[in-house]
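K.L.:
Let's see this in three dimensions:
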Amino acid sequence: MALPVDRVLVEAFEQQLNPLNVTASGIPARMLGFGEISCILELDDMPGVVLKRMPLFHTRAQAEDYLEKYRTYCSLLIAAGLSLPADDALIVQRDPQLFVLYFLQEKLAPYTIGNRQLDHLDDPGVQQLVEALIEAIEKVWAFNARQRRYRLAIDAQLSNWAWQAPQERLLYIDTSTPLFRIDGEEQLQPELLLASAPGFARAIIRTLFLAEVMNRYYDPRAVYIDLVANLYKEQHAARIPLFVHCINARTHQGLSEREIANYYRKDKFIWSLFLAMRKLDRWLHRYVYGKQYQFILPERIRR
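P.N.:
The predicted structure follows:
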(Lines give C-alpha, C1' and ligand atoms only; values in the text may rest on other atoms or scores of the structure.)
Protein backbone atom coordinates (compact mmCIF):
# COMPACT_ATOMS: atom_id res chain seq x y z
CA MET A 1 0.00 0.00 0.00
CA ALA A 2 1.43 3.37 -1.04
CA LEU A 3 0.92 6.16 1.48
CA PRO A 4 -0.37 9.53 0.23
CA VAL A 5 2.69 11.43 1.47
CA ASP A 6 3.01 15.15 0.72
CA ARG A 7 6.63 16.11 1.40
CA VAL A 8 6.02 19.80 0.72
CA LEU A 9 3.18 19.85 3.25
CA VAL A 10 5.24 18.13 5.96
CA GLU A 11 8.19 20.47 5.39
CA ALA A 12 5.90 23.51 5.56
CA PHE A 13 4.29 22.18 8.75
CA GLU A 14 7.67 21.70 10.41
CA GLN A 15 8.85 25.19 9.50
CA GLN A 16 5.68 26.74 10.96
CA LEU A 17 5.46 24.49 13.98
CA ASN A 18 5.60 25.95 17.47
CA PRO A 19 6.31 22.92 19.73
CA LEU A 20 4.72 24.79 22.65
CA ASN A 21 1.44 25.21 20.77
CA VAL A 22 0.84 22.76 17.94
CA THR A 23 -2.60 24.14 17.13
CA ALA A 24 -1.09 27.59 16.46
CA SER A 25 0.52 26.27 13.28
CA GLY A 26 -0.89 27.64 10.05
CA ILE A 27 -1.35 24.03 8.92
CA PRO A 28 -4.12 22.30 10.91
CA ALA A 29 -2.86 19.34 12.95
CA ARG A 30 -4.08 17.15 15.78
CA MET A 31 -2.10 15.38 18.47
CA LEU A 32 -2.86 11.67 18.68
CA GLY A 33 -0.42 10.55 21.35
CA PHE A 34 3.07 10.63 22.77
CA GLY A 35 6.01 8.26 22.90
CA GLU A 36 8.82 8.66 25.37
CA ILE A 37 10.98 10.57 22.84
CA SER A 38 8.45 11.49 20.16
CA CYS A 39 4.92 12.65 19.49
CA ILE A 40 2.27 11.29 17.14
CA LEU A 41 0.08 13.60 15.08
CA GLU A 42 -1.93 13.91 11.91
CA LEU A 43 -2.38 16.72 9.40
CA ASP A 44 -5.86 17.59 8.14
CA ASP A 45 -4.54 17.91 4.60
CA MET A 46 -2.90 14.45 4.58
CA PRO A 47 -5.71 12.05 5.52
CA GLY A 48 -5.03 8.40 6.10
CA VAL A 49 -1.54 9.01 7.49
CA VAL A 50 -0.19 9.42 11.02
CA LEU A 51 3.19 11.04 11.64
CA LYS A 52 5.67 10.39 14.41
CA ARG A 53 7.96 13.41 14.90
CA MET A 54 11.51 12.87 16.19
CA PRO A 55 13.62 16.07 16.46
CA LEU A 56 16.79 14.29 17.60
CA PHE A 57 19.45 14.98 15.01
CA HIS A 58 22.08 17.70 14.60
CA THR A 59 23.16 16.57 11.12
CA ARG A 60 21.50 14.98 8.11
CA ALA A 61 23.99 12.11 8.35
CA GLN A 62 22.72 11.27 11.84
CA ALA A 63 19.13 11.23 10.63
CA GLU A 64 19.99 9.12 7.59
CA ASP A 65 21.87 6.62 9.73
CA TYR A 66 18.87 6.30 12.06
CA LEU A 67 16.55 5.90 9.09
CA GLU A 68 18.73 3.12 7.66
CA LYS A 69 18.59 1.28 10.99
CA TYR A 70 14.84 1.75 11.11
CA ARG A 71 14.45 0.14 7.70
CA THR A 72 16.69 -2.75 8.70
CA TYR A 73 14.70 -3.25 11.91
CA CYS A 74 11.42 -3.34 9.98
CA SER A 75 12.79 -5.85 7.50
CA LEU A 76 14.00 -8.07 10.36
CA LEU A 77 10.62 -7.92 12.10
CA ILE A 78 8.98 -9.00 8.86
CA ALA A 79 11.55 -11.78 8.47
CA ALA A 80 10.62 -12.92 11.97
CA GLY A 81 7.00 -13.21 10.87
CA LEU A 82 5.42 -10.02 12.23
CA SER A 83 2.98 -7.89 10.23
CA LEU A 84 3.59 -4.13 9.95
CA PRO A 85 1.45 -1.29 8.60
CA ALA A 86 2.41 0.54 5.42
CA ASP A 87 5.04 3.16 6.19
CA ASP A 88 7.33 5.86 4.86
CA ALA A 89 9.78 8.40 6.29
CA LEU A 90 10.95 11.96 5.64
CA ILE A 91 13.91 13.98 6.88
CA VAL A 92 13.13 17.68 7.28
CA GLN A 93 15.77 20.33 7.97
CA ARG A 94 14.32 22.73 10.53
CA ASP A 95 17.41 24.89 10.92
CA PRO A 96 21.16 24.51 10.25
CA GLN A 97 21.63 22.39 13.38
CA LEU A 98 18.38 20.47 13.63
CA PHE A 99 17.07 17.74 11.35
CA VAL A 100 13.68 16.24 12.17
CA LEU A 101 12.84 12.68 11.17
CA TYR A 102 9.19 11.97 10.47
CA PHE A 103 7.99 8.38 10.40
CA LEU A 104 4.70 7.96 8.59
CA GLN A 105 2.25 5.07 8.86
CA GLU A 106 -1.16 4.28 7.45
CA LYS A 107 -3.81 5.45 9.87
CA LEU A 108 -5.58 2.52 11.50
CA ALA A 109 -9.00 2.66 13.10
CA PRO A 110 -8.44 3.96 16.65
CA TYR A 111 -10.50 1.18 18.21
CA THR A 112 -8.09 -1.44 16.81
CA ILE A 113 -5.15 -0.18 18.89
CA GLY A 114 -4.39 -2.76 21.57
CA ASN A 115 -5.07 -0.69 24.67
CA ARG A 116 -8.34 0.61 23.19
CA GLN A 117 -9.46 -2.99 22.60
CA LEU A 118 -9.71 -3.54 26.33
CA ASP A 119 -12.49 -0.95 26.54
CA HIS A 120 -14.94 -3.18 24.66
CA LEU A 121 -13.68 -6.79 24.60
CA ASP A 122 -15.13 -9.41 26.94
CA ASP A 123 -12.85 -11.95 28.62
CA PRO A 124 -12.91 -14.46 25.71
CA GLY A 125 -12.06 -11.61 23.34
CA VAL A 126 -9.21 -10.46 25.56
CA GLN A 127 -7.89 -14.01 25.76
CA GLN A 128 -7.92 -14.23 21.96
CA LEU A 129 -5.97 -10.95 21.79
CA VAL A 130 -3.43 -12.09 24.39
CA GLU A 131 -2.86 -15.37 22.58
CA ALA A 132 -2.24 -13.47 19.34
CA LEU A 133 0.24 -11.23 21.19
CA ILE A 134 2.08 -14.21 22.61
CA GLU A 135 2.28 -15.86 19.20
CA ALA A 136 3.79 -12.70 17.68
CA ILE A 137 6.25 -12.11 20.53
CA GLU A 138 7.42 -15.70 20.43
CA LYS A 139 8.20 -15.29 16.73
CA VAL A 140 10.82 -12.70 17.73
CA TRP A 141 12.55 -15.09 20.12
CA ALA A 142 12.35 -17.91 17.56
CA PHE A 143 14.00 -15.64 14.98
CA ASN A 144 16.80 -14.86 17.44
CA ALA A 145 17.28 -18.56 18.15
CA ARG A 146 17.49 -19.76 14.56
CA GLN A 147 20.40 -17.57 13.48
CA ARG A 148 23.44 -16.03 15.13
CA ARG A 149 23.94 -12.69 13.40
CA TYR A 150 20.89 -10.67 14.45
CA ARG A 151 19.20 -10.24 17.79
CA LEU A 152 15.85 -8.46 17.82
CA ALA A 153 14.23 -6.63 20.72
CA ILE A 154 10.58 -5.70 21.02
CA ASP A 155 8.52 -3.36 23.19
CA ALA A 156 5.31 -5.38 23.41
CA GLN A 157 3.02 -3.11 25.44
CA LEU A 158 -0.55 -3.06 24.18
CA SER A 159 -0.49 0.43 22.68
CA ASN A 160 2.20 -0.78 20.25
CA TRP A 161 -0.16 -3.19 18.49
CA ALA A 162 -3.29 -3.02 16.36
CA TRP A 163 -5.69 -5.96 16.51
CA GLN A 164 -8.08 -6.39 13.61
CA ALA A 165 -10.29 -8.99 15.25
CA PRO A 166 -12.52 -10.03 12.31
CA GLN A 167 -9.43 -11.04 10.31
CA GLU A 168 -7.51 -12.14 13.44
CA ARG A 169 -4.72 -9.90 12.14
CA LEU A 170 -2.22 -8.36 14.52
CA LEU A 171 0.00 -5.46 13.42
CA TYR A 172 3.08 -4.22 15.27
CA ILE A 173 3.08 -0.42 14.99
CA ASP A 174 5.90 0.80 17.26
CA THR A 175 8.79 0.43 14.83
CA SER A 176 10.42 3.85 15.24
CA THR A 177 12.90 2.78 17.94
CA PRO A 178 15.09 0.26 16.09
CA LEU A 179 16.38 -1.89 18.92
CA PHE A 180 18.47 -4.72 17.47
CA ARG A 181 22.01 -6.04 17.59
CA ILE A 182 24.29 -7.31 14.86
CA ASP A 183 27.01 -9.72 15.99
CA GLY A 184 26.35 -8.60 19.55
CA GLU A 185 26.73 -4.88 18.83
CA GLU A 186 23.84 -2.56 19.65
CA GLN A 187 22.76 -0.68 16.51
CA LEU A 188 20.84 2.13 18.17
CA GLN A 189 23.15 4.74 19.66
CA PRO A 190 22.12 4.95 23.34
CA GLU A 191 22.89 8.66 23.45
CA LEU A 192 20.08 9.32 20.96
CA LEU A 193 17.59 8.19 23.58
CA LEU A 194 18.99 10.94 25.79
CA ALA A 195 18.70 13.65 23.14
CA SER A 196 15.32 14.74 24.51
CA ALA A 197 16.59 14.83 28.10
CA PRO A 198 18.01 18.04 29.56
CA GLY A 199 21.78 18.22 29.58
CA PHE A 200 21.95 18.52 33.37
CA ALA A 201 20.06 15.22 33.78
CA ARG A 202 21.74 13.05 31.17
CA ALA A 203 24.49 11.76 33.42
CA ILE A 204 21.91 10.69 36.01
CA ILE A 205 19.68 8.95 33.46
CA ARG A 206 22.66 7.34 31.74
CA THR A 207 24.02 5.96 34.99
CA LEU A 208 20.81 4.84 36.65
CA PHE A 209 18.37 3.88 33.92
CA LEU A 210 19.60 3.78 30.33
CA ALA A 211 21.13 0.31 30.20
CA GLU A 212 18.19 -1.22 32.06
CA VAL A 213 15.61 0.35 29.74
CA MET A 214 17.45 -0.70 26.58
CA ASN A 215 18.25 -4.24 27.74
CA ARG A 216 14.78 -5.15 29.02
CA TYR A 217 13.35 -5.53 25.52
CA TYR A 218 15.81 -8.29 24.61
CA ASP A 219 14.75 -10.43 27.57
CA PRO A 220 11.59 -12.55 27.06
CA ARG A 221 10.55 -12.52 30.70
CA ALA A 222 11.09 -8.76 31.04
CA VAL A 223 9.08 -8.13 27.85
CA TYR A 224 6.10 -10.05 29.21
CA ILE A 225 6.32 -8.35 32.60
CA ASP A 226 6.43 -4.94 30.91
CA LEU A 227 3.45 -5.86 28.73
CA VAL A 228 1.31 -6.83 31.71
CA ALA A 229 2.54 -4.00 33.96
CA ASN A 230 1.40 -1.43 31.43
CA LEU A 231 -2.18 -2.47 32.15
CA TYR A 232 -1.88 -0.29 35.27
CA LYS A 233 -1.08 2.71 33.06
CA GLU A 234 -3.96 1.83 30.72
CA GLN A 235 -6.36 1.75 33.71
CA HIS A 236 -7.11 -1.93 33.15
CA ALA A 237 -5.48 -3.51 36.20
CA ALA A 238 -8.52 -5.81 36.54
CA ARG A 239 -7.32 -7.65 33.42
CA ILE A 240 -3.92 -8.49 34.91
CA PRO A 241 -4.91 -11.93 36.29
CA LEU A 242 -6.20 -13.01 32.86
CA PHE A 243 -3.01 -11.81 31.13
CA VAL A 244 -0.83 -13.57 33.70
CA HIS A 245 -2.80 -16.80 33.35
CA CYS A 246 -2.58 -16.79 29.54
CA ILE A 247 1.12 -15.95 29.43
CA ASN A 248 2.06 -18.52 32.06
CA ALA A 249 0.01 -21.20 30.33
CA ARG A 250 1.58 -20.55 26.92
CA THR A 251 5.18 -19.63 27.84
CA HIS A 252 5.86 -21.09 31.31
CA GLN A 253 7.32 -17.75 32.44
CA GLY A 254 5.84 -18.15 35.91
CA LEU A 255 4.83 -14.50 36.21
CA SER A 256 3.30 -13.31 39.46
CA GLU A 257 1.01 -10.36 40.06
CA ARG A 258 3.25 -9.14 42.89
CA GLU A 259 6.38 -8.87 40.73
CA ILE A 260 4.37 -7.08 38.06
CA ALA A 261 3.12 -4.52 40.59
CA ASN A 262 6.67 -4.00 41.90
CA TYR A 263 8.01 -3.59 38.36
CA TYR A 264 5.36 -1.03 37.50
CA ARG A 265 6.12 1.11 40.54
CA LYS A 266 9.75 1.35 39.47
CA ASP A 267 8.93 1.90 35.80
CA LYS A 268 6.41 4.60 36.68
CA PHE A 269 9.08 6.39 38.70
CA ILE A 270 11.60 6.27 35.83
CA TRP A 271 9.29 7.73 33.20
CA SER A 272 7.62 10.22 35.54
CA LEU A 273 11.05 11.54 36.52
CA PHE A 274 12.09 11.68 32.87
CA LEU A 275 9.02 13.72 31.91
CA ALA A 276 9.43 16.07 34.89
CA MET A 277 13.04 16.76 33.87
CA ARG A 278 11.98 17.46 30.29
CA LYS A 279 9.34 19.92 31.47
CA LEU A 280 11.94 21.69 33.59
CA ASP A 281 14.21 21.86 30.56
CA ARG A 282 11.36 23.31 28.49
CA TRP A 283 10.84 26.01 31.14
CA LEU A 284 14.57 26.82 31.16
CA HIS A 285 14.64 27.12 27.37
CA ARG A 286 11.67 29.46 27.40
CA TYR A 287 12.41 31.69 30.37
CA VAL A 288 16.16 31.45 30.98
CA TYR A 289 17.95 30.53 27.75
CA GLY A 290 15.58 32.43 25.44
CA LYS A 291 15.60 29.51 22.96
CA GLN A 292 12.86 27.49 21.37
CA TYR A 293 12.31 24.06 22.91
CA GLN A 294 12.01 21.59 20.05
CA PHE A 295 10.08 18.71 21.64
CA ILE A 296 6.32 18.45 22.02
CA LEU A 297 5.47 17.20 25.51
CA PRO A 298 2.29 15.89 27.06
CA GLU A 299 1.09 18.04 29.91
CA ARG A 300 0.11 14.98 31.89
CA ILE A 301 0.26 11.23 31.40
CA ARG A 302 -2.13 9.20 33.48
CA ARG A 303 -0.12 6.35 35.00
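
K.L.:
Which residue, neighbours along the chain excluded, lies closest to Tyr218?
P.N.:
Ala153 (4.6 Å; CB to CB, 6 or more residues apart in numbering). The C-beta positions use only the backbone N, C-alpha and C, and glycine is treated the same way.

K.L.:
Need phi/psi at that neighbour.
P.N.:
phi -120, psi 160 (degrees, to the nearest 10).

K.L.:
Tell me who's in contact with it.
P.N.:
Counting by CB atoms under 8 Å, 6 or more residues apart in numbering, Ala153 makes contact with Val140, Leu179, Phe180, Arg181, Met214, Tyr217, Tyr218.

K.L.:
quick one: secondary structure of Tyr218?
P.N.:
Secondary structure, DSSP: H, G, I helix; E, B strand; the rest coil: Tyr218 is coil.

K.L.:
Low-confidence bits of the stretch 1-150 of the chain, can you list those?
P.N.:
1-2 (pLDDT under 70).

K.L.:
Quick one: the strands in it, in order.
P.N.:
29-34, 39-43, 49-57, 87-95, 98-106, 150-152 (DSSP state E, counting those that start in this stretch).

K.L.:
before we move on, back to that, from the contacts of Ala153, which two are the most distant?
P.N.:
Comparing all pairs in the contacts of Ala153 by CB to CB, the longest separation belongs to Val140 and Met214, at 15.8 Å.

K.L.:
of the two, who's got more company?
P.N.:
Val140 (24 against 16; other CB atoms under 10 Å).

K.L.:
wait, the more buried one sits on Ile154?
P.N.:
Yes. Counting by CB atoms under 8 Å, Val140 does reach Ile154; the two are 5.0 Å apart.

K.L.:
quick one: common contacting residues for those two?
P.N.:
In contact with both Val140 and Ile154: Leu77, using CB under 8 Å, 6+ apart.

K.L.:
Let me see the ranges of the strands in the stretch 201-303 of the chain.
P.N.:
Under DSSP E, counting those that start in this stretch, the stretch 201-303 of the chain gives no strands.

K.L.:
for it, what are the low-confidence residue spans?
P.N.:
207-209, 299-303.

K.L.:
Can you tell me the centre-most residue of this structure?
P.N.:
Asp174 (4.7 Å; CA atoms, centre = their mean).

K.L.:
Phe103 versus Ala63, what's the distance?
P.N.:
Ala63 sits 11 Å away from Phe103, going by CB to CB, to the nearest Å.

K.L.:
got the residue ranges for the helices in the chain?
P.N.:
7-16, 60-80, 114-117, 123-145, 190-193, 199-205, 211-216, 220-233, 240-251, 257-284 (DSSP state H).

K.L.:
if we can go back for a sec, among the strands of the stretch 1-150 of the chain, which is nearest Gln167?
P.N.:
Among the strands of the stretch 1-150 of the chain, the nearest to Gln167 by CB to CB is strand 98-106 (15.1 Å).

K.L.:
helices or strands up against that closest one?
P.N.:
Contact here means 3 or more CB pairs under 8 Å, 6 or more residues apart in numbering; DSSP states H and E; on that basis strand 98-106 packs against helix 7-16, strand 49-57, helix 60-80, strand 87-95.

K.L.:
I'd like to know which of these lies nearest to Leu280.
P.N.:
Closest approach to Leu280 among the helices and strands packed on strand 98-106 (CB to CB): strand 49-57, 18.2 Å.
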